[in-house]
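Colleague: With the input below, show me the fold.
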Amino acid sequence: MQAILEAIEAGTLDAEIVLVLSDVPDAYILERARERGIATGVIDCRGFRSKFPDEAQLETAARLKEAGVDLVCLAGFMRIVKKPLLDAFPQRILNIHPSLLPAFPGLEAWTQALEAGVPETGCTVHYVDAGMDTGPTILRAKVPVKPDDTPESLHARIQEQEHRIYPEAIRQVQDIVSAAN
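Modeller: Numbers count the residues shown, from 1 in each chain. A predicted model of the protein is given here:
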């Protein structure tokens with residue numbers, strides 16, 4: 001979110017963040033948003049650690065629509081989005097993942113890359129579908145894996161690229177949506 005905010009403030013992304021939701025009540029992103037005067041809320045996943053119940057998805061969709069959201073940008077949201085939310089925002093939900101998808105979907109992709117011994121990895125902004133990190137790619141950035149990399153050092157370099165490409169991917173999607181209208 002910080003990279004998106006900075007792109008908006010710099011005038012390189014014509015967008016407005018109108019609502020920030022998290023499934024983690026004490027997530028720092030909520031505090032960061034409140035400090036900027038952005039509306040926030042907590043997604044009630046009914047006590048499930050990783051499941052995103054249909055009721056919670058319907059409530060989330062309603063809150064997003066009520067706030068006037070056009071494009072949903074996920075970051076660090078570790079739940080599978082399904083039909084209720086996908087139907088409410090078709091081809092309007094984006095996610096960023098720390099690998100060159102389809103390689104290394106799921107958790108700790110940077111560690112998966114190191115363990116696999118690949119020469120490069122990176123990050124991918126993609127449309128969200130009902131699978132785990134399976135939606136169509138919008139934009140990717142490559143990051144070399146160095147011989148002395150640790151999971152932490154590789155993850156840090158991937159995050160630098162994530163911060164660079166997420167605002168650019170949003171611009172690309174905005175252009176596609178504008179051209180379609």
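
Colleague: contacts, neighbours, all on C-alpha from now
Modeller: Noted.

Colleague: so I8 makes contact with D14?
Modeller: Yes - checked against Cα atoms under 8 Å, the pair I8 and D14 is within contact range at 6.1 Å.

Colleague: Between those two, which is the more surrounded one?
Modeller: I8 (16 against 13; other Cα atoms under 10 Å).

Colleague: host element of C123?
Modeller: strand 120-127 (DSSP states H and E).

Colleague: what about that strand, average pLDDT?
Modeller: Average pLDDT, strand 120-127: 98.

Colleague: Identify the neighbouring strands of the very next helix or strand once past it in the sheet and state each direction.
Modeller: Downstream of strand 120-127, the next assigned helix or strand under DSSP H and E is strand 137-144. Partner strands for strand 137-144, per DSSP bridges, with pairing direction: strand 120-127 (antiparallel).

Colleague: Just the buried positions in the strand it pairs with, please.
Modeller: T121, G122, C123, T124, V125, H126, Y127 (16 or more other Cα atoms under 10 Å).

Colleague: Out of those residues, flag the one nearest to V72.
Modeller: Y127 (10.0 Å; Cα to Cα).

Colleague: That closest one bridge partners, please.
Modeller: Going by DSSP bridges, Y127 forms beta bridges with L94.

Colleague: helices or strands up against the host helix or strand of Q161?
Modeller: According to DSSP H and E, Q161 maps onto helix 151-180. When contacts are defined as 3 or more Cα pairs under 8 Å, 6 or more residues apart in numbering; DSSP states H and E, helix 151-180 sits against helix 2-10, helix 109-116, strand 120-127, strand 137-144.

Colleague: Now render those as JSON lines, adding distance to A33.
Modeller: Formatted as JSON lines, the helices and strands packed on helix 151-180 follow (distance: least, Cα to Cα, whole Å):
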{"stretch": "helix 2-10", "distance to A33": "9"}
{"stretch": "helix 109-116", "distance to A33": "27"}
{"stretch": "strand 120-127", "distance to A33": "22"}
{"stretch": "strand 137-144", "distance to A33": "25"}
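
Colleague: deepest of these, which one?
Modeller: strand 120-127 (a mean of 24; mean count of other Cα atoms under 10 Å).

Colleague: Could you list the alpha-carbon positions for that one in PDB?
Modeller: Provided in PDB are the C-alpha atoms of strand 120-127 (Å, rounded to 0.1, in the frame of the first residue of the first chain):
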ATOM      1  CA  GLU A 120      16.400 -15.900 -10.800                       C
ATOM      2  CA  THR A 121      13.000 -15.200  -9.400                       C
ATOM      3  CA  GLY A 122      11.000 -12.000  -9.000                       C
ATOM      4  CA  CYS A 123       7.500 -10.900  -8.600                       C
ATOM      5  CA  THR A 124       4.200 -10.900 -10.500                       C
ATOM      6  CA  VAL A 125       1.200  -8.700 -10.400                       C
ATOM      7  CA  HIS A 126      -1.800 -10.800 -11.600                       C
ATOM      8  CA  TYR A 127      -5.500 -10.800 -11.900                       C
END
